[in-house]
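**Q** Need a 3D model of the following:
(2 chains)
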Amino acid sequence: MSFYTINSLTFSYAGTDKLFQNISFDIEANQHIGLVGPNGCGKTTLVKLMLGILKPQGGEIYLEGNNIKDISLSDVGKKVGYVFQNPDKQLFCPTVLEQMRFSFAYGSCNPGEAEHDNTDYYLKAFDLMQYKSLSPMKLSRGEKQRLALASVLSRDVKFLILDEPSTGLDILRKKQLENCLMALKQEGKGYMMISHETKFLDRYVDRILKLHAEGVEYA
Amino acid sequence: MKIDPRTRIILVFLISSAAVVIKELISLLFLLLLTLILCRMFSVHLSGSIRKLRKLLYFFIVLALIQSIFTPGGETLIAAGGLRILTVSGLEIGISIIIRISVIIFSALLIASAPAMDVVYGLIAMKLPYEIAFMVLLSIKFLPLFREEFADSIIAVQLAGADLARIPLKQKLSLYSYVLTPSVVKALNRAEYISLSMECRGFRAFPCRTSYCRLRMGKADYLTILAVFTLIVIITI
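**A** Below you'll find the predicted structure:
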């Protein structure tokens, strides 16, 4: 049984042509997939469907054998970590530290020593330690992106979906992201990454999934 | 039905004023009927609006019940011991309040269903300073922005593993307070960006502002206003 099974998926937004029709593919929990395609082809929409935020018009999506429509968003969130394309939509806590600890306080993660280790580790890894008592709203675009990444990476999820994670990062911070991706690979955790940077994808994914109007194909 | 935006604004003013002035239950019912007919004529999607209003049903019922309980008079319908809990007058007042709020909400849809820029042009044509007319446009846009920001934050909260259906009430309340403040801040920031981009494109650079859009009220507009005004007078009397 694959971690994700997408079966004959069809979707369109109200009043528009079909964004994609009858697309099918599988993703294993330890796979590293890059999702590419031109602007507006539906990459983020596909991810939102895979998370259960949007409902498909046709076809099914199975997460560990369970139809996504029968799983609550929070249960999906416990298995899959998602870094939003726009970090503003992901950050909602009053301080950076509370944002990092949110899943431990309200989610499924067990609080305790691991929480502090993970929180401190990723705050240091993404150079955010000095901002921990600041509001995420006061951070720059790149800092928000780093916080969004750090808050997801610190959680113990089986699979990660990263929507253009390198956007807004400088060379140094991109290197930090690359280190985290390498660490995830070593831990045996899988991820799917949307990006327009093919060189970056080539280094950190095993397979590239091309999305276009006619469907998907592995490049 | 193609109608001048000023006509919509005048109709909403007439209907909502009448909803406040009219006290009789039957007259309010006729006013609600008139409002619904106007909504139909102006192609307002009533079914969608009613579906959204259903979410406020409990609020309406509680409001009506409070009014009913604290308004004495008429025959007693429900009593506990010597205490009159619900009377005929109280019930009438409660129902009147529900109808009055419905009339005001449905009449507001006459404006809400028009393109936002048309409403701005209408307000400017009614001699409102254009700065204030655009402020009205921004405030109209603010609510959907806030709703969108709040919905996004709730999705982010759930994807972070918080199960809103299962967590205890106390935690749930603190969680909503977490989400509410940044949602308001984000919506205000977006509204500020809109106003900044408007200023970058020369908004308020000159005291006088001309427009390609010239509004003209036709016969249909005057007839509609006159007909609605007459009907409201008849209903009120």
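
**Q** Can you list the low-confidence ranges for chain A?
**A** A:107-117 (pLDDT under 70).

**Q** near chain B, which residues of it show up?
**A** Within reach of chain B by Cβ under 8 Å from any Cβ of the partner chain, chain A has these residues: A:51, A:53, A:72-78, A:80, A:82, A:84, A:88-94, A:98, A:102-103, A:106-109, A:135-137, A:151, A:155. C-beta: built from backbone N, CA, C; applies to glycine.

**Q** among those residues, which ones are buried?
**A** A:51, A:53, A:73-78, A:80, A:82, A:84, A:88-94, A:98, A:102-103, A:106-109, A:135-136, A:151, A:155 (16 or more other Cβ atoms under 10 Å in any protein chain shown).

**Q** center of the chain - which residue?
**A** Assuming you mean chain A. Centroid-nearest residue in chain A, with Cα atoms, centre = their mean: A:Ile161, separated by 2.4 Å.

**Q** Sorry, I should have been clearer: chain B.
**A** B:Ile105 (4.4 Å).

**Q** what's the distance between it and A:Gln186?
**A** Distance, B:Ile105 to A:Gln186, by Cβ to Cβ, to the nearest Å: 58 Å.

**Q** Next: B:Arg147.
**A** To A:Gln186, B:Arg147 is 43 Å away according to Cβ to Cβ.

**Q** neighbours of residue 125, just the number please.
**A** Just going to use chain A. Counted with other Cβ atoms under 10 Å in any protein chain shown, residues neighbouring A:Ala125 total 19.

**Q** Chain B was what I was after
**A** By other Cβ under 10 Å, 19 other residues sit near B:Ala125.

**Q** That one against B:Arg6, yeah?
**A** Yes: using Cβ atoms under 8 Å, B:Ala125 makes contact with B:Arg6 at a distance of 5.9 Å.

**Q** Residues in contact with both of those two, list them for me.
**A** B:Leu215 (Cβ atoms under 8 Å, 6 or more residues apart in numbering or on different chains).

**Q** Setting aside sequence neighbours, what's the nearest residue to the residue nearest to the centre of chain B?
**A** B:Leu53 (6.7 Å; Cβ to Cβ, 6 or more residues apart in numbering or on different chains).

**Q** Against chain A, how distant is the one you found?
**A** According to Cβ to the nearest Cβ, to the nearest Å, B:Leu53 stands 21 Å off from chain A.

**Q** Can you read off the pLDDT for that residue?
**A** B:Leu53 is assigned 75 on the pLDDT scale.

**Q** Output the contacting helices and strands for the helix or strand hosting it.
**A** Using DSSP states H and E, B:Leu53 sits within helix B:46-54. Judged by 3 or more Cβ pairs under 8 Å, 6 or more residues apart in numbering or on different chains; DSSP states H and E, helix B:46-54 is in contact with helix B:25-41, helix B:88-112.

**Q** how much does the longest one deviate in direction from helix B:25-41?
**A** The one in question is helix B:88-112. Per axes from the mean of the first three to the mean of the last three Cα atoms, to 10 degrees, the angle that helix B:88-112 makes with helix B:25-41 is 20 degrees.

**Q** With A:Arg173 as the reference, measure out to the spatially closest residue to A:Leu123 that is not a sequence neighbour.
**A** Nearest non-adjacent residue to A:Leu123, counting by Cβ to Cβ, 6+ apart: A:Met129, 4.7 Å away. For A:Met129, the distance to A:Arg173 equals 14 Å [Cβ to Cβ].

**Q** who's more crowded, those two?
**A** The neighbour comparison of A:Met129 against A:Arg173 (other Cβ under 10 Å) goes to A:Arg173, with 18 against 14.

**Q** Now do the phi/psi pair for residue 4.
**A** All of this refers to chain A. phi -120, psi 130 (degrees, to the nearest 10).

**Q** what do you get for the one 3 residues further on?
**A** The phi/psi pair for A:Asn7 (degrees, to the nearest 10) reads phi -130, psi 110.

**Q** Look up how far chain B lies from it.
**A** From A:Asn7 to chain B the distance is 23 Å (Cβ to the nearest Cβ).

**Q** Can you show me the helices along chain B?
**A** Assigned by DSSP state H, the helices in chain B fall at B:5-21, B:25-41, B:46-54, B:57-69, B:88-112, B:116-125, B:130-159, B:169-200, B:219-236.

**Q** Pass me the low-pLDDT residue ranges in chain B, would you?
**A** B:1.

**Q** got the residues of it near chain A?
**A** Counting by Cβ under 8 Å from any Cβ, chain B sits next to chain A at B:152-153, B:155-165, B:167, B:171, B:175, B:178-179, B:181-183, B:185-186, B:189.

**Q** Which among those count as buried?
**A** Of the residues of chain B next to chain A, these count as buried by 16+ other Cβ under 10 Å: B:152-153, B:155-164, B:167, B:175, B:178-179, B:182-183, B:186.

**Q** and the host helix or strand of A:Glu143, which residues are buried?
**A** Element membership for A:Glu143, per DSSP H and E: helix A:141-153. Across helix A:141-153, burial judged by 16+ other Cβ under 10 Å covers A:143-153.

**Q** So which bits of stretch A:17-27 are buried?
**A** Neighbour count says stretch A:17-27 has A:19-21, A:23, A:25, A:27 buried, by 16+ other Cβ under 10 Å.

**Q** More neighbours: which of B:Arg147 and A:Gln186?
**A** Counted by other Cβ under 10 Å, B:Arg147 and A:Gln186 do not tie: B:Arg147 has more neighbours, with 12 against 8.

**Q** quick check, distance from the helix holding B:Leu53 to the centre of its chain.
**A** Centroid separation for helix B:46-54 versus its chain: 12 Å, with Cα atoms, centre = their mean, to the nearest Å.

**Q** Stretch B:48-57 too?
**A** 12 Å.

**Q** give me every residue that touches A:Ala150.
**A** For A:Ala150, the contacting residues are A:100, A:122-123, A:125-126, A:128, by Cβ under 8 Å, 6+ apart.

**Q** ok, it to A:Ser195 distance?
**A** To A:Ser195, A:Ala150 is 19 Å away according to Cβ to Cβ.
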